[in-house]
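>>> Task: produce atomic coordinates for the following.
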Amino acid sequence: MEASALRYTPAGLPAIDLSLEHESDIQEAGQKRQVKATVKTVALGSLAERIAQLPLGSLWQFSGFLASPRNSKNVVFHIQDFQQIS
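All right, here's what the predicted structure looks like:
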């Protein structure tokens with residue numbers, strides 16, 4: 001996980017931009033496949049403040065939704081909850 005500095009939206013909400021790295025193994029067409037991806041991510045409100053305190057490089061599980069920002073072809077993962085993986 002890479003994180004930018006905590007910022008504030010024009011409406012005054014705390015926000016943080018992140019780059020999350022995903023890695024897993026999955027079965028596809030009967031074959032094991034290793035999947036790796038880096039995803040642009042954003043968190044808002046109290047979640048952004050909590051995420052700003054997380055140690056970089058630790059393992060976390062995030063849940064949320066994907067959305068395309070206006071005038072963009074890329075998707076951004078919006079975090080709605082997270083927990084540490086033990």
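
>>> Nearest spatial neighbour of residue 49, chain-adjacent residues omitted?
residue 14 (5.1 Å; CB to CB, 6 or more residues apart in numbering). Where C-beta positions appear, they are placed from N, C-alpha and C, glycine not excepted.

>>> Just the pLDDT at the one you found, thanks.
Among the per-residue scores, residue 14 holds a pLDDT of 97.

>>> Distance check, it against residue 41.
15 Å (CB to CB, to the nearest Å).

>>> And the two? Which one has more around it.
residue 41 (21 against 18; other CB atoms under 10 Å).

>>> would you say the more buried one is within a helix?
No: judged by DSSP: H, G, I helix; E, B strand; the rest coil, residue 41 forms no part of a helix; its state is strand.

>>> Does anything pack onto the helix or strand hosting residue 16? Which helices or strands?
In the assignment (DSSP states H and E), residue 16 maps to strand 14-28. Contact here means 3 or more CB pairs under 8 Å, 6 or more residues apart in numbering; DSSP states H and E; on that basis strand 14-28 packs against strand 2-3, strand 7-8, strand 31-44, helix 46-51.

>>> picking that back up, any idea how far residue 1 is from the residue nearest to residue 49?
Residue 14 is 17 Å from residue 1, by CB to CB.

>>> Any regions of the protein where pLDDT drops low?
The chain contains no residues with pLDDT under 70.

>>> pretty sure residue 57 contacts residue 2?
No: the pair residue 57 / residue 2 is not scored as a contact, 9.7 Å apart, by CB atoms under 8 Å.

>>> more neighbours, those two?
Between residue 57 and residue 2, counting by other CB under 10 Å, residue 2 is the more crowded of the two (12 against 8).

>>> sorry, back to before: the residue nearest to residue 49 bridge partners, please.
residue 8 (DSSP bridges).

>>> ok, now which ones touch it?
By CB atoms under 8 Å, 6 or more residues apart in numbering, residue 14 lies in contact with 6-8, 44-46, 48-49, 52.

>>> For those, give me TSV that also has neighbour count and distance to residue 34.
Shown next, in TSV, are these (neighbours: other CB atoms under 10 Å; distance: CB to CB, whole Å):
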residue	neighbour count	distance to residue 34
6	15	33
7	12	34
8	10	39
44	16	32
45	11	35
46	10	35
48	22	31
49	14	34
52	17	31
